[in-house]
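Undergrad: 3D model of this:
(one chain, ligands or ions: 1)
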Amino acid sequence: MTTPDSLADRRPVALITGGSAGLGLALAHGLADRGWALILDARGADALKNAADELADRTDVVPLAGDVTDAEHRSDLADAVAELGRLDLLVNNASYLGPSPQPQLAGYPLDELRRVYEVDLIAPIALTQLLLPELTAATGVVIDISSDAAVEAYEGWGGYGSAKAALDHATAILAAENPDLAVYSVDPGDLRTAMHQAAFPGEDISDRPEPATVVPAFLHLLDSRPASGRYKAAELVPVVAP
Ligand SMILES: NC(=O)c1ccc[n+]([C@@H]2O[C@H](COP(=O)([O-])OP(=O)(O)OC[C@H]3O[C@@H](n4cnc5c(N)ncnc54)[C@H](OP(=O)(O)O)[C@@H]3O)[C@@H](O)[C@H]2O)c1
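TA: Okay, here's the model as predicted:
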């Protein structure tokens with residue numbers, strides 16, 4: 001077995017938070033198909049292990065169970081990056097919607113609001129801070145997963161929506177401060193996932209597209225590397241219903 005001795009000899013590496021389900025897992029499959037090595041996290045260890053097992057026939061996967069708001073866990077993620085020797089892509093995908101159904105701001109429990117901000121804003125910034133040296137060394141890409149709720153003032157979406165709006169703005173500033181990186185906010189559009197069901201409790205969401213339908217848009221973003229900024233998946237590559 002030969003040991004890779006330079007960055008260029010090693011396969012590209014992506015770290016995807018929330019990689020055990022939904023969009024994160026779909027992205028992991030899309031990148032595994034291209035031979036990327038993957039570091040994935042999620043809180044639920046069993047679902048994460050199942051996800052890693054599904055991917056292991058195509059690539060190297062490091063599954064690390066933990067919560068993105070836990071500094072020790074983020075440090076373990078950084079150690080995994082150091083072990084693999086490079087980081088080409090960070091996808092801050094793990095997210096918390098808040099209580100379901102979502103409360104109006106007038107009565108939004110502040111401990112829940114803090115948790116939404118911790119998961120959706122502070123953790124992505126903290127993880128990016130930790131991994132900037134490796135991302136810079138690889139002239140890498142940061143993708144912060146956004147939402148239309150970041151720009152539309154939907155009633156009841158004041159916690160999650162304002163956290164995603166703040167994440168969008170932090171992403172734009174990170175891009176301005178790091179011109180050598182590609183730094184994107186991406187609104188994936190409505191997707192048939194557990195989080196979407198929590199946002200619409202009791203509703204039939206079977207008409208929403210599967211997460212896999214937007215993966216081509218993310219791959220297109222990586223391939224074409226447009227200017228840093230905010231993009232909608234549906235505008236990058238139109239979603240084709242299965
Ligand atoms: N679904 C939509 O319609 C939609 C629309 C716009 C934007 N988005 C965005 O798309 C992204 C993915 O959402 P999704 O719908 O795919 O969600 P999902 O299916 O519910 O999956 C969420 C993933 O994140 C993990 N996760 C949640 N909280 C975590 C934490 N604190 N630490 C580590 N991992 C955590 C979950 O595993 P554990 O629960 O085991 O931790 C799971 O792997 C989110 O940023 C969301 O805001 C979704």
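Undergrad: Pull up the per-residue confidence for the residue with the shortest distance to the centre of the chain.
TA: In the chain, the centroid-proximal residue (Cα atoms, centre = their mean) is residue 93; its distance is 2.0 Å. Looking at residue 93, its pLDDT reads 99.
Undergrad: Check residue 238 too.
TA: 69.
Undergrad: what about the longest helix that the chain contains, distance to the chain center?
TA: In the chain, assigned by DSSP state H, the helix with the most residues is helix 158-177. Distance, stretch centre to chain centre, for helix 158-177: 14 Å (Cα atoms, centre = their mean, to the nearest Å).
Undergrad: ok, then the element right after it?
TA: Using DSSP states H and E, the next helix or strand after helix 158-177 towards the C-terminus is strand 182-187.
Undergrad: So which elements touch that following strand?
TA: Other elements packing on strand 182-187 under the criterion 3 or more Cβ pairs under 8 Å, 6 or more residues apart in numbering; DSSP states H and E are strand 141-145, helix 158-177, helix 215-224, strand 229-232. C-beta here means a position set from N, CA and C on the backbone, and glycine is covered the same way.
Undergrad: make it 6 Å
TA: strand 141-145, helix 158-177, strand 229-232 (3 or more Cβ pairs under 6 Å, 6 or more residues apart in numbering; DSSP states H and E).
Undergrad: could I get those as CSV with mean neighbour count and distance to residue 189?
TA: Below are these laid out as CSV (neighbours: other Cβ atoms under 10 Å; distance: least, Cβ to Cβ, whole Å):
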stretch, mean neighbour count, distance to residue 189
strand 141-145, 24, 11
helix 158-177, 19, 13
strand 229-232, 17, 7
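Undergrad: just so I know, which of these lies nearest the ligand?
TA: Closest approach to the ligand among the helices and strands packed on strand 182-187 (Cβ to the nearest ligand atom): strand 141-145, 3.7 Å.
Undergrad: I'd like the mean pLDDT over that closest one, please.
TA: Throughout strand 141-145, pLDDT has a mean value of 99.
Undergrad: Wait, a helix at residue 39?
TA: No - counting by DSSP: H, G, I helix; E, B strand; the rest coil, one finds residue 39 to be strand, located in no helix.
Undergrad: In this protein, what helix or strand scores lowest on average pLDDT?
TA: None of the helices or strands of the chain scores lower by mean pLDDT, DSSP states H and E than helix 233-236, at a mean of 95.
Undergrad: Report the buried residues of it.
TA: For helix 233-236, the neighbour count (16 or more other Cβ atoms under 10 Å) marks 233-234, 236 as buried.
Undergrad: Could I get the CA-only coordinates of that helix as PDB?
TA: Taking Å, rounded to 0.1, in the frame of the first residue of the first chain, the C-alpha atoms of helix 233-236 are listed here in PDB:
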ATOM      1  CA  ALA A 233     -30.700  24.700  -5.300                       C
ATOM      2  CA  ALA A 234     -33.600  24.900  -7.800                       C
ATOM      3  CA  GLU A 235     -31.900  27.700  -9.700                       C
ATOM      4  CA  LEU A 236     -28.600  25.900  -9.900                       C
END
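Undergrad: any residues touching that helix, and which ones?
TA: Residues outside helix 233-236 that contact it (Cβ atoms under 6 Å, 6 or more residues apart in numbering): 188-189, 214, 217, 220-221.
Undergrad: ok, now stretch 159-169?
TA: Residues contacting stretch 159-169 (Cβ under 6 Å, 6+ apart): 97-98, 108, 113, 116-117, 120-121, 144, 146-147, 149-150, 185.
Undergrad: Now look at that stretch and say if it contacts the ligand.
TA: No - using Cβ under 6 Å from any ligand atom, stretch 159-169 stays clear of the ligand, coming no nearer than 6.6 Å.
Undergrad: if we can go back for a sec, tell me the one among the buried residues of helix 233-236 nearest to the ligand.
TA: residue 233 (9.2 Å).
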